[in-house]
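1. here is a sequence with its predicted model. Questions after.
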Amino acid sequence: MSIVALEGVEKTYPLGKTRVQALRGVDLRIERGEFTVIAGPSGSGKTTLLNLIGCVDTATAGAVRVDGHNTRKLSERERTKLRLHTIGFIFQSFNLVPVLDVAQNVELPLLLKKDLAKGERDRRVAELIERVGLGAQRKQRPGELSGGQRQRVAIARALVTRPKIVLADEPTANLDSVTGGSILDLMQEINAADQTTFLFSTHDPEVMRHARRIVRIADGRIVEDHDGAGVAA
């Protein structure tokens, strides 16, 4: 069974007295362990697509299935639970809490998982911080870190709940090309080691070069779907 399946998905937003159709009859399947890019210009619908898969929003029509669950049929509480246990998010703006240090930022999603003891939380946090190469910075706050380091914190935070899917919305947009490349290499390594499914939205050619599959979207429709050049590290 596909980890993500979209069937005839449409999304319409009200804009004043008019309605804007962001997605128009999208069909898409993502298999477990894929490293896939949703590519397209601003306004093409790629962020809307990620929001629907991430259970941040629901489709106007059609079905969005995530790990076997039809998200339109879930209650808000059930969607929150699915986000917490199945999905990790990486944002272009990092979305770190400035008053918390690296370890505390990474731990945040685990505080919502009531069944985890403090010892297990601490172990997971320490493991992820080392894995993204920030052991020496674990007590520093985001304002003391470079952009690349902050994005590494965001990756660790996304992975600490051991999600099946990681959604990344323009994850290298605020990074220089060298730093962005190293971040993509890190995500490829994690994808290869853990078979975590990675799904990106981007219009960055460098991100596309790392992808093993590229799905192009324009005006709310998928216009191309092909293998990329990227291979697992």
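-> That came through fine. Residues are numbered from 1 along each chain as shown.

2. could you pull out the helices for this structure?
-> For the chain, helices defined by DSSP state H occupy the ranges 46-53, 76-86, 102-111, 118-131, 147-159, 177-194, 205-210.

3. residues making contact with the third one?
-> Meaning helix 102-111. In this structure, residues lying in contact with helix 102-111 by Cβ atoms under 8 Å, 6 or more residues apart in numbering are 84, 88, 96-97, 100, 116, 121, 124-126, 128-129, 134, 137-142, 145, 153, 156-157, 160-161. In this view, the C-beta of every residue, glycine as well, is placed from N, C-alpha and C.

4. pull out the buried residues from it.
-> Going by neighbour count (16 or more other Cβ atoms under 10 Å), the buried part of helix 102-111 is 102, 103, 104, 105, 106, 107, 109, 110.

5. same deal with the second one?
-> When neighbours are counted by 16+ other Cβ under 10 Å, the buried residues of helix 76-86 are found to be 79, 82, 83, 84, 86.

6. sort those residues by pLDDT and name the bottom one.
-> Least confident entry in these, by pLDDT: residue 84, with 88.

7. tell me the contacts of residue 126?
-> Contacts of residue 126 by Cβ under 8 Å, 6+ apart are 103, 138.

8. make 40 the starting number, not 1.
-> Right, with 40 as the first residue, what we last looked at is residue 165.

9. any idea how far residue 205 is from residue 262?
-> Using Cβ to Cβ, to the nearest Å, residue 205 is found at 25 Å from residue 262.

10. again with residue 72
-> 25 Å.

11. can you pull up the bridge partners for the most centrally placed residue in the chain?
-> By Cα atoms, centre = their mean, the chain has its centre lying nearest to residue 206, at 1.3 Å. Beta bridges link residue 206 to residue 128, residue 238, judged by DSSP bridges.

12. hang on, it packs against residue 131?
-> No: the pair residue 206 / residue 131 is not scored as a contact, 11.9 Å apart, by Cβ atoms under 8 Å.

13. confidence score at the closest residue to residue 119 other than its chain neighbours?
-> Sequence neighbours aside, residue 94 is the residue nearest to residue 119 in space, at 7.8 Å (criterion: Cβ to Cβ, 6 or more residues apart in numbering). Here, the pLDDT recorded for residue 94 equals 94.

14. in contact with residue 94, which residues?
-> By Cβ under 8 Å, 6+ apart, the residues touching residue 94 are 105, 110, 113, 118, 119, 121, 122, 126.

15. could you check how far residue 110 is from residue 50?
-> With Cβ to Cβ as the criterion, residue 110 and residue 50 are 12 Å apart.

16. so what sits against both of the two?
-> With Cβ under 8 Å, 6+ apart, residue 110 and residue 50 have common neighbours 91, 98.

17. next, format the contacts of residue 94 as TSV and append distance to residue 221.
-> Output for the contacts of residue 94, formatted as TSV (distance: Cβ to Cβ, whole Å):
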residue	distance to residue 221
105	29
110	34
113	37
118	34
119	33
121	31
122	28
126	24
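
18. circling back: out of the helices of the chain, flag the one nearest residue 43.
-> Minimum separation from residue 43 across the helices of the chain (Cβ to Cβ) falls at helix 85-92, 5.6 Å.

19. now do that closest one: distance to the chain's middle.
-> Counting by Cα atoms, centre = their mean, to the nearest Å, helix 85-92 is centred 10 Å from the centre of its parent chain.

20. and that helix, what other elements does it pack with?
-> strand 43-54, strand 57-69, strand 74-78, strand 100-105, strand 204-208, strand 236-241 (3 or more Cβ pairs under 8 Å, 6 or more residues apart in numbering; DSSP states H and E).
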